[in-house]
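Asker: using only what follows, build the 3D model:
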Amino acid sequence: MHKPKKSLPEWLKVKIPGGENYLRIQKMLRSSNLHTVCEEARCPNIGGCWDRGTATFMILGDICTRACRYCAVTSGKPLALDPLEAYKLSKVVEKMNLKYVVITSVNRDDLENGGAEVFAECVHHIKKRLPACKVEVLIPDFEGKKSALEIVLKARPDTINHNIETVRSIFPKVRPKGDYDQSLKLLETVKLLNSSSVTKSGIMVGLGEKIDEIKETMKELVAVGCDLLTIGQYLQPSSKHIERVKWYSPVEFNELADIGRGIGFKHVVSGPLVRSSYHADEQHAALNVDSKDLAPV
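Answerer: Next comes the predicted model:
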């Protein structure tokens, strides 16, 4: 197999985050012992998102029970849960005066409901402190447990996000402890439990997938009612992670966005630096949906 060059294309080069606001927020997070996926996953958009009044927090600790081959998050045996995590998170969200928050987590297969209760607590606390703040939850697969989904949905987050990550043929190599069909089923179950819920998913490209496979994954996501889609370039975190095969150009990302919209997604964000929470506030706003309008679970 041809090994990709290590140098980044020009369109993937970004400024190193810094500045007074960035350092202030970083210090605040450290003092609260909170984790952001912005930092843990080495997101290239961290500075811009924090300046926009959006952030993605990672709950349930920073050690994952799985070892997905694309992910930079540490895997191993997790520590005990922090019973005050939701309270601390809501205080930081209030201090940052955020308009849109994405809450994600490591996989916690050691917990009965995968940490669903903590997701729900975080949504409740944030909505109580900042009623106008939109909350998106980027959830793991919860090992397919419907009970976990019900717990999260009862908190009425504004968007339910679960990333399919890649196409069917590559999925077992990328997420060996996951299940492609289970991820699709999770998104479908969200709609079955509450048809008014906004659902979202994301795809990484550059892992060797074919365009027809991307189209097929898009069709399968739309078939289970997925509303929103993000598409971004896979960036290999280290030599130990699964190899990147291709750089997609900005033109190709625009073409993928057009394909996604044609297949039936209500909104698609596609670009080299796009990550699951990239401009999530704008994507949700494009649907003109408010959590108070969601049907109760």
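
Asker: what ranges do the strands span in the chain?
Answerer: If DSSP state E is used as the criterion, the strands of the chain fall at 35-36, 54-59, 100-105, 134-138, 159-161, 199-205, 228-233, 267-271.

Asker: format those strands as a markdown table; extra columns: mean neighbour count, mean pLDDT and distance to Arg69.
Answerer: No exception for glycine: its C-beta is placed from N, CA and C like everyone else's. Putting the strands of the chain into a markdown table (neighbours: other C-beta atoms under 10 Å; pLDDT from 0 to 100; distance: least, C-beta to C-beta, whole Å) gives the following:
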| stretch | mean neighbour count | mean pLDDT | distance to Arg69 |
| --- | --- | --- | --- |
| strand 35-36 | 22 | 61 | 21 |
| strand 54-59 | 24 | 83 | 19 |
| strand 100-105 | 26 | 92 | 18 |
| strand 134-138 | 25 | 95 | 19 |
| strand 159-161 | 24 | 96 | 21 |
| strand 199-205 | 25 | 97 | 11 |
| strand 228-233 | 24 | 96 | 16 |
| strand 267-271 | 22 | 94 | 23 |
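
Asker: can I get those in CSV including distance to Glu255?
Answerer: As requested, those are exported to CSV (distance: least, C-beta to C-beta, whole Å):
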stretch, distance to Glu255
strand 35-36, 32
strand 54-59, 27
strand 100-105, 27
strand 134-138, 26
strand 159-161, 24
strand 199-205, 11
strand 228-233, 10
strand 267-271, 9
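
Asker: among those, which is nearest Lys88?
Answerer: Of all the strands of the chain, strand 54-59 sits nearest to Lys88, with 10.0 Å by C-beta to C-beta.

Asker: then the closest one to PDB, C-alphas only?
Answerer: These are the backbone C-alpha positions of strand 54-59, laid out as PDB (Å, rounded to 0.1, in the frame of the first residue of the first chain):
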ATOM      1  CA  THR A  54     -19.200  27.200  21.700                       C
ATOM      2  CA  ALA A  55     -17.300  24.300  23.300                       C
ATOM      3  CA  THR A  56     -17.300  20.500  23.400                       C
ATOM      4  CA  PHE A  57     -16.900  18.900  26.900                       C
ATOM      5  CA  MET A  58     -15.900  15.300  27.500                       C
ATOM      6  CA  ILE A  59     -17.600  13.800  30.600                       C
END
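
Asker: check the offset of that strand from the chain's centre.
Answerer: Counting by C-alpha atoms, centre = their mean, to the nearest Å, strand 54-59 is centred 9 Å from the centre of its parent chain.

Asker: report the angle between that strand and strand 134-138.
Answerer: Regarding strand 54-59 and strand 134-138, their directions subtend 50 degrees when assessed with axes from the mean of the first three to the mean of the last three C-alpha atoms, to 10 degrees.
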